[in-house]
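> make a model of this:
(chains A, B, C and D)
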2 protein chains.
Amino acid sequence: MTKRSYQQDCALAHSADLIGERWTLLLIRDLLVSPRRFNELQKSLKGMGSNLLAARLKELEQDGVIEPYASGDGSRRYRLTVRGRALEPAILGLIRWGYTDSKPDTDKGHHCDDWDLLALKAFFQPGVAANLHLSVQYHGDTLSGWTRIFDGHMTIGLGELDDADLVVQGTVRDLFRGANEPELLLSHGTASELDQYMQSFAS
Amino acid sequence: MTKRSYQQDCALAHSADLIGERWTLLLIRDLLVSPRRFNELQKSLKGMGSNLLAARLKELEQDGVIEPYASGDGSRRYRLTVRGRALEPAILGLIRWGYTDSKPDTDKGHHCDDWDLLALKAFFQPGVAANLHLSVQYHGDTLSGWTRIFDGHMTIGLGELDDADLVVQGTVRDLFRGANEPELLLSHGTASELDQYMQSFAS
DNA sequence: CTGGATCCCTCACGATACTG
DNA sequence: CAGTATCGTGAGGGATCCAG
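Numbering: from 1, shown residues only, chains lettered A, B, ... in the order given. Model prediction:
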């Protein structure tokens, strides 16, 4: 069987042929935060059948968007290729668009804290943070992640940073939800650094 | 019946709920070029059932992305709302991504010349054209369109401009396909202006 | 236990025909 | 021209089973 296609000679239709099918965009979102194992993806993409997940992974691999690899502990993981990573600007654009009326907390759907790291990056303003060099570690209940601002760029990831300037005891959402008294969550770093950090995101 | 949703508390999932279903992105692409009538959309979206098109139009209207209106000649047309127009940056990003390996002309799928106006805008570089003020009219076999560069922005549209600086006898694709001798297509305007124009697009 | 493959049922989609 | 009605097909959703 061959994949269905829009059969349109148009760059957008071609993108949609590759990443426009159901679940694909959300799958790539997860991989933009960090490489993942099959099971981790399944946990995040609640409602997606395991057969579909396997099929999508295979299609994306054949299209050169993702690639499997053996991670350190011997387990199979999936990560974005260079071509896949090139989707980030477009996806951040869709996040910005969707955020304007998505009203976090009113949706009451499934939620993973690490998605918020990507949303944070979507609203990061390079101009404001041109000369900022700041690493922030988040310690949530179930998982840890970090953001790093350097040379006008922001990078994000899961796990533990060993050189964090700020350490937040809570999630990204905790921090911005309590934006009036954010320093309550700070377990390491200065309030001034935290203020600079929060100033570098739009609205 | 209620629309299916990813039920994820995530801005990208929310975007995907609104515009992630089959054909929706291509439908919005067409409306980004110009408001359209039902029939025009049907012609462009070959393979999409008319029932589906009607359903999508209704969903998008309810979600505040598009709106129907009575155009001058009394016929019903659909156009993007402000919220719908805000999708343009994200869609241009997807066009840029899809273009890198879509190889126009090798696809041999359905093609409408007006899609190329949007692709042109996707590769427009505001920085290069910061002080450029230039309107270009394209006269294709079946349809006419134009681009206007002003104040670092590009706008596009269908139909006839009455104050075009350059008039190209051909489509956008004709112009860039014959980029070695583009002035052959010029029926009005100078070769110097044309050169400035073509310099303001990436790669 | 992870990383899938297989089956089955349902509904979204695609094609066509029909109506105001 | 602008849709609605109908219906067959296949993609998607959920459970279960199997291999390393």
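> the residue of chain A at minimum distance from DNA strand D: how many residues sit nearby?
The minimum distance from chain A to DNA strand D, using CB to the nearest atom of the strand, falls at residue A:49 (2.9 Å). In this view, the C-beta of every residue, glycine as well, is placed from N, C-alpha and C. For residue A:49, the count of nearby residues is 11 (other CB atoms under 10 Å in any protein chain shown).
> can you report phi and psi for it?
Residue A:49 adopts backbone torsions of phi -70, psi 150, taken as degrees, to the nearest 10.
> could you list which residues are in contact with residue A:132?
A:149, A:196, A:197, A:200 (CB atoms under 8 Å, 6 or more residues apart in numbering or on different chains).
> repeat that for residue A:45.
In this structure, residue A:45 makes contact with A:23, A:26, A:27, A:30, A:53, judged by CB under 8 Å, 6+ apart.
> let's go with 10 Å and repeat that
Contacts here follow CB atoms under 10 Å, 6 or more residues apart in numbering or on different chains; on that basis residue A:45 touches A:23, A:26-27, A:29-30, A:52-53, A:56, A:110, A:112, B:6, B:8, B:13.
> quick one: it from residue B:138, how far?
Note on residue A:45: its distance to residue B:138, by CB to CB, to the nearest Å, is 44 Å.
> how far away is the residue of chain A closest to DNA strand D from DNA strand C?
Per CB to the nearest atom of the strand, to the nearest Å, residue A:49 is found 6 Å from DNA strand C.
> shaky segments in chain A?
Across chain A, the ranges flagged by pLDDT under 70 are A:1-2, A:102-107.
> please name the nearest non-neighbouring residue to residue A:33.
Computed as CB to CB, 6 or more residues apart in numbering or on different chains, the closest residue to residue A:33 that is not its neighbour in sequence is residue A:114, at 5.0 Å.
> hang on, I meant residue A:113
In space, and not counting its chain neighbours, residue A:113 is closest to residue A:171: 4.4 Å by CB to CB, 6+ apart.
> what's the distance between that neighbour and DNA strand C?
The gap separating residue A:171 from DNA strand C is 23 Å, by CB to the nearest atom of the strand.
> enumerate the residues of chain A near DNA strand D.
Counting by CB under 7 Å from any atom of the strand, the positions of chain A adjacent to DNA strand D are A:1, A:4, A:21, A:22, A:23, A:47, A:48, A:49, A:50, A:51, A:52, A:55.
> try 10 Å this time
Residues of chain A lying near DNA strand D by CB under 10 Å from any atom of the strand: A:1-4, A:20-24, A:42, A:45-56, A:59.
> and for the residue nearest to residue A:153 when sequence neighbours are not counted, the neighbour number?
Of all residues not flanking residue A:153 in the chain, residue A:126 sits nearest, at 6.9 Å (CB to CB, 6+ apart). By the measure other CB under 10 Å, the count of residues near residue A:126 is 13.
> my guess is residue A:126 meets residue A:201, correct?
No. Contact criterion CB atoms under 10 Å: residue A:126 and residue A:201 do not qualify, at 11.2 Å.
> identify the contacts common to the two.
residue A:154.
> thinking again about what came up before, just the element for the residue nearest to residue A:33, please.
Using DSSP states H and E, residue A:114 sits in helix A:113-122.
> show me what that helix is packed against.
Packing partners of helix A:113-122 (3 or more CB pairs under 10 Å, 6 or more residues apart in numbering or on different chains; DSSP states H and E): helix A:24-33, helix A:88-99, strand A:134-139, strand A:144-150, strand A:153-158, helix A:172-177, helix B:11-19.
> what's the angle between it and strand A:153-158?
Interaxial angle of helix A:113-122 relative to strand A:153-158 (axes from the mean of the first three to the mean of the last three CA atoms, to 10 degrees): 180 degrees.
> which residues of chain A lie near DNA strand C?
Counting by CB under 10 Å from any atom of the strand, chain A comes close to DNA strand C at A:4-7, A:21-22, A:36-43, A:49-55, A:57-58, A:61, A:68, A:70-71, A:73-78.
> can you rerun that using 7 Å?
Residues of chain A lying near DNA strand C (CB under 7 Å from any atom of the strand): A:4, A:37-40, A:49-51, A:54, A:57-58, A:68, A:75-77.
> which of the residues you listed fall in helices?
Using DSSP state H, A:38, A:39, A:40, A:50, A:51, A:54, A:57, A:58 are the members of these that sit in helices.
> can you redo those as TSV with neighbour count?
Shown next, in TSV, are those (neighbours: other CB atoms under 10 Å in any protein chain shown):
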residue	neighbour count
A:38	16
A:39	11
A:40	16
A:50	12
A:51	8
A:54	12
A:57	17
A:58	12
